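1. dropping the sequence and predicted coords here.
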Amino acid sequence: MLKLIILDRDGTINEDRDDYVKSPEEWVPIEGSMEAIARLSHAGWRIVIASNQSGLGRGLFDMATLNAMHEKMHKLLALVGGKVEAIFFCPHTTEEGCDCRKPLSGLYDQISSRLGVSLKGVPTVGDSLRDLQAGYGVGCEPHLVLSGKGAVYRDQALSAQFPKETRIHQDLYGFSEWMLHERDVQMEALRAEKKA
């Protein structure tokens, strides 16, 4: 099985803002998210990001600023031993009618093409319905975090639009704990099969 995880950015890794994250100063990691990525990296998972960044298309920031935000993320990750392998983003607004803006699956198609792999069964993690719909459209395993926009689901049930296989986690750190435990369970099951 390919050890790949696809993460949303805003609301999943870093704090989201109603007025968009527009600068490195506004890019603030959610508590535990850097450590979560580090734990997954240490366990051999390849981490990539798929993110809508319509602030580019809206003229709220430019590519140099987006790169500076991501440089901040990479540096913070390096401090705890984590790594994000690649960042795929959609710069378009809804009005532009592209195929890469989530909930469409264009970013995931790009990931599949760039890495030369099928994404069937690959965990995808996000804080909104559109994040999970985009990944589910190419066969990813959907995981919702209750940080960012996902916080609304702390007090209410998921709508029927969510894939029925959706697993729910408190935040990215909670997802990492589940993944590492689930991995241990799977490894134990494989060992038991070999012995049988």
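-> Nice, thanks for sending it over. Numbering: from 1, shown residues only.
2. so what touches the longest strand along the chain?
-> In terms of residue count, the longest strand belonging to the chain (DSSP state E) is strand 46-52. Contact partners of strand 46-52, identified using C-beta atoms under 8 Å, 6 or more residues apart in numbering, comprise 2-10, 13, 37, 40-41, 82-90, 101-102, 107-108, 111, 115, 124, 130-131, 134-135. (Glycine included, C-beta is placed from N, CA and C.)
3. I'd say residue 43 and residue 177 touch.
-> No. Applying C-beta atoms under 8 Å, one finds residue 43 not in contact with residue 177, separated by 11.3 Å.
4. and residue 86, how many neighbours does it have?
-> The criterion is other C-beta atoms under 10 Å. On that basis, residue 86 has 13 neighbouring residues.
5. quickly list what it is bridged to.
-> Using DSSP bridges, the bridge partners assigned to residue 86 are residue 48.
6. do I have it right that it meets residue 74?
-> No. Applying C-beta under 8 Å, one finds residue 86 not in contact with residue 74, separated by 11.4 Å.
7. helices of the chain, residue ranges please.
-> Read by DSSP state H, the chain holds these helices, from start to end of the chain: 33-42, 54-57, 63-80, 106-115, 129-136, 172-195.
8. tell me the most buried of the ones you listed?
-> When those are scored by mean count of other C-beta atoms under 10 Å, the highest mean neighbour count falls to helix 129-136 (a mean of 24).
9. output the contacting helices and strands for that helix.
-> In terms of contacts (3 or more C-beta pairs under 8 Å, 6 or more residues apart in numbering; DSSP states H and E), helix 129-136 is packed against strand 46-52, helix 106-115, strand 123-126, strand 141-145.
10. Serialize the ones you listed to JSON lines and add fields for distance to residue 58 and mean pLDDT.
-> Supplementary listing: these in JSON lines, determined by distance: least, C-beta to C-beta, whole Å; pLDDT from 0 to 100:
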{"stretch": "strand 46-52", "distance to residue 58": "11", "mean pLDDT": "98"}
{"stretch": "helix 106-115", "distance to residue 58": "18", "mean pLDDT": "97"}
{"stretch": "strand 123-126", "distance to residue 58": "21", "mean pLDDT": "98"}
{"stretch": "strand 141-145", "distance to residue 58": "25", "mean pLDDT": "97"}
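11. mind putting the ones you listed into TSV with distance to residue 28?
-> Putting the helices and strands packed on helix 129-136 into TSV (distance: least, C-beta to C-beta, whole Å) gives the following:
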stretch	distance to residue 28
strand 46-52	16
helix 106-115	23
strand 123-126	18
strand 141-145	16
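12. among these, which is nearest residue 153?
-> In this view, the helices and strands packed on helix 129-136 are compared for proximity to residue 153 by C-beta to C-beta, and strand 141-145 is the closest at 6.8 Å.
13. I'd like to know which elements that closest one is packed against.
-> Secondary structure elements in contact with strand 141-145, counted by 3+ C-beta pairs under 8 Å, 6+ apart, are strand 123-126, helix 129-136, strand 167-169, helix 172-195.
14. any chance of these in CSV, with distance to residue 151 too?
-> Output for the helices and strands packed on strand 141-145, formatted as CSV (distance: least, C-beta to C-beta, whole Å):
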stretch, distance to residue 151
strand 123-126, 13
helix 129-136, 14
strand 167-169, 12
helix 172-195, 13
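15. thank you, goodbye.
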